[in-house]
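> this is a predicted model, with the sequence first.
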Amino acid sequence: MARPSQETSSRVGLHVNGRRYELDVDHRVTLLDLLREHLGLTGAKKGCDHGQCGACTVLVDGRRVNGCLLLAVAQDGTRVTTVEGLADDTRGPHPLQEAFVKRDAFQCGYCTPGQLCSAVGLLAEAAADAGGADLSRTGIAEAMSGNLCRCGAYPRIVDAVRDVAAASEGADPAADSDPAADSDPPAGSDPTAGSDPAEAPVAGQVVA
């Protein structure tokens, strides 16, 4: 790869998943492309590339952002966390990662890194809000509305986030869970019967 000229690049220093990086970055490179193409961190995905699907969600200084919309040169001095940085060598997987596995809150997995980072940011926002955040199923669905799941795993994603939120509150997550998310349709039934296929993903949707 050709080294960018000084006229079109700048020196950027940032921490990614706890590690310090100094790079010469072209002014046109997005944070998402920096992570994927320059640092080899391919967890954050490129979906729409317009900030509408949430697959590229990462955390910048603890706040969830769309990596495809931010220029890398503007992130000088920031701390970035991607899905690769959520687990801890001592603690193991992040509680949300464990909850996603327990709740089977994914299918193809393409959106999962963004869903996880968004959920981490959501819970951090709720903690900073001193109890004012709505962490009910409806509140979580609204707060996660920027993250699309084309497989339609929305109910279980919400349950996974609710599990971790309830655990931090000392509450019982089963009290606010969706029974339909953990039950299978009767044998021989058509789960799509009586519904409009075009509207099916919206029925339990977490996204606007």
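The structure has been received and is ready for your questions.

> measure the closest residue to C56 other than its chain neighbours to K45 for me?
Using CB to CB, 6 or more residues apart in numbering and skipping residues adjacent in sequence, the residue nearest C56 is G67, 4.1 Å away. The C-beta positions use only the backbone N, C-alpha and C, and glycine is treated the same way. G67 is 9 Å from K45, where distance means CB to CB, to the nearest Å.

> correct me if wrong: R156 contacts R103.
Yes: counting by CB atoms under 8 Å, R156 does reach R103; the two are 4.6 Å apart.

> just to revisit the earlier point, same drill for G67 and K45, tell me which one is more crowded.
Neighbour totals were compared for G67 and K45, and G67 leads with 28 against 21 (other CB atoms under 10 Å).

> distance of the more buried one relative to R137?
27 Å.

> over to R162?
Taking CB to CB as the measure, R162 falls 6 Å from R137.

> check E169 too.
Distance from E169 to R137, by CB to CB: 14 Å.

> who has more neighbours out of those two?
The residue with more neighbours, out of E169 and R137, is R137; 19 against 12, by other CB under 10 Å.

> how about that one: what's its closest non-neighbour residue?
Closest to R137 by CB to CB, 6+ apart is V158, at 5.3 Å.

> can you give me the offset of whichever strand or helix holds that neighbour from its chain's centre?
Under the criterion of DSSP states H and E, V158 resides in helix 154-169. Put simply, helix 154-169 sits 14 Å off its chain's centre (CA atoms, centre = their mean, to the nearest Å).

> show me what counts as buried in it.
154-166 (16 or more other CB atoms under 10 Å).

> buried by neighbour count: which residues of the helix or strand containing T138 qualify?
Using DSSP H and E, T138 sits within helix 137-143. Buried residues in helix 137-143, counted by 16+ other CB under 10 Å: 137, 139-141, 143.

> please apply the same query to stretch 109-118.
Residues 110-118 are the ones in stretch 109-118 that count as buried (16+ other CB under 10 Å).

> which residues sit against that stretch?
For stretch 109-118, contacts defined as CB atoms under 8 Å, 6 or more residues apart in numbering pick out 43-45, 47, 53-59, 64, 81-83, 86, 94, 96-97, 100, 105-106, 144, 146-151, 157.

> okay, now the unreliable bits of this structure?
For the chain, the stretches with pLDDT under 70 are 1-6, 131, 171-208.

> R64 - that's part of a strand, no?
Yes: under DSSP: H, G, I helix; E, B strand; the rest coil, R64 sits within a strand.

> tell me what it is bridged to.
Counting by DSSP bridges, R64 forms beta bridges with L59.

> how close does R156 sit to G121?
19 Å.

> any idea which element R11 lies in?
strand 9-16.

> could I get the helix or strand following that strand in PDB with only the CA atoms?
Downstream of strand 9-16, the first helix or strand assigned by DSSP H and E is strand 19-26. Provided in PDB are the C-alpha atoms of strand 19-26 (Å, rounded to 0.1, in the frame of the first residue of the first chain):
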ATOM      1  CA  ARG A  19      -3.300  -0.700  22.700                       C
ATOM      2  CA  ARG A  20      -1.700   2.500  21.400                       C
ATOM      3  CA  TYR A  21      -1.400   3.000  17.700                       C
ATOM      4  CA  GLU A  22       0.300   5.800  15.700                       C
ATOM      5  CA  LEU A  23      -0.600   5.800  12.000                       C
ATOM      6  CA  ASP A  24      -0.400   8.000   9.000                       C
ATOM      7  CA  VAL A  25      -4.000   8.100   7.800                       C
ATOM      8  CA  ASP A  26      -5.400   9.400   4.600                       C
END
